[in-house]
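Enquirer: Sequence and predicted structure, then a few things I'm wondering about:
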Amino acid sequence: MSKHLVQSTETQYVDESTGQLIITTTEKVHTIKVTEDSFFMTYITLLQPFYQLEHLADVKLIVKFCELAEFNTGKVSISTGKRKEICEELGISTSNFSKYTKRLKDKGLITGDKGEFEVSASVFWKGDRKTRAALLKDKGITMTINFTM
């Protein structure tokens, strides 16, 4: 996201031939890049698989996957180096990383393998709602919303 800062400079001088006060204004526009906070939506009513996570490592890993998910796709690419970095940050062993991702896949919170994963858009989403709805429709996921009065 960018923000624009307008800087105005006013210059005054007297025209010696006419005696008239001349005022000129110069504006400079500065563009400043502002980084936004990382934000993702969680669909509380669909968190049932999250409640079934029995290991803290699984919880840490799904939160990290949500953090790393690409905007409007939910895709997470994890190279060998990135995998090691994640394990160090989360305090989990690299030898158990595959076991933890398998448990997340078994619960339906992520899909994929071999370093290419996708966070389930039905539970977690980082992006706009329109893209999420189209993604859910393309993947054949149906959501029902009930309104009561």
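Expert: Yes, it's here. Numbering: from 1, shown residues only.
Enquirer: With only the CA atoms kept, save the top helix by length along the chain in CSV.
Expert: Counting residues, the longest helix in the chain under DSSP state H turns out to be helix 56-68. Provided in CSV are the C-alpha atoms of helix 56-68 (Å, rounded to 0.1, in the frame of the first residue of the first chain):
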residue,chain,number,x,y,z
LEU,A,56,1.2,-28.1,20.2
ALA,A,57,3.6,-28.6,17.2
ASP,A,58,0.6,-29.1,14.9
VAL,A,59,-0.9,-25.8,16.1
LYS,A,60,2.4,-24.0,15.7
LEU,A,61,2.8,-25.3,12.2
ILE,A,62,-0.7,-24.5,11.0
VAL,A,63,-0.3,-20.9,12.3
LYS,A,64,3.0,-20.7,10.5
PHE,A,65,1.5,-22.0,7.3
CYS,A,66,-1.2,-19.3,7.5
GLU,A,67,1.4,-16.7,8.0
LEU,A,68,3.4,-17.9,4.9
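Enquirer: and it, what does it pack onto?
Expert: Contacts defined by 3 or more CB pairs under 8 Å, 6 or more residues apart in numbering; DSSP states H and E place helix 56-68 against helix 80-90, helix 97-106, strand 116-119. To be clear about C-beta, it is placed using only N, CA and C from the backbone, and glycine gets the same treatment.
Enquirer: now with 10 Å?
Expert: helix 48-51, strand 75-77, helix 80-90, helix 97-106, strand 110-113, strand 116-119, strand 124-125 (3 or more CB pairs under 10 Å, 6 or more residues apart in numbering; DSSP states H and E).
Enquirer: between those, which gets nearest to T26?
Expert: strand 124-125 (45.8 Å; CB to CB).
Enquirer: Check which residues of the helix or strand following that closest one are buried.
Expert: Using DSSP states H and E, the next helix or strand after strand 124-125 towards the C-terminus is helix 129-138. Within helix 129-138, the residues that qualify as buried are R132, L135, L136, counting by 16 or more other CB atoms under 10 Å.
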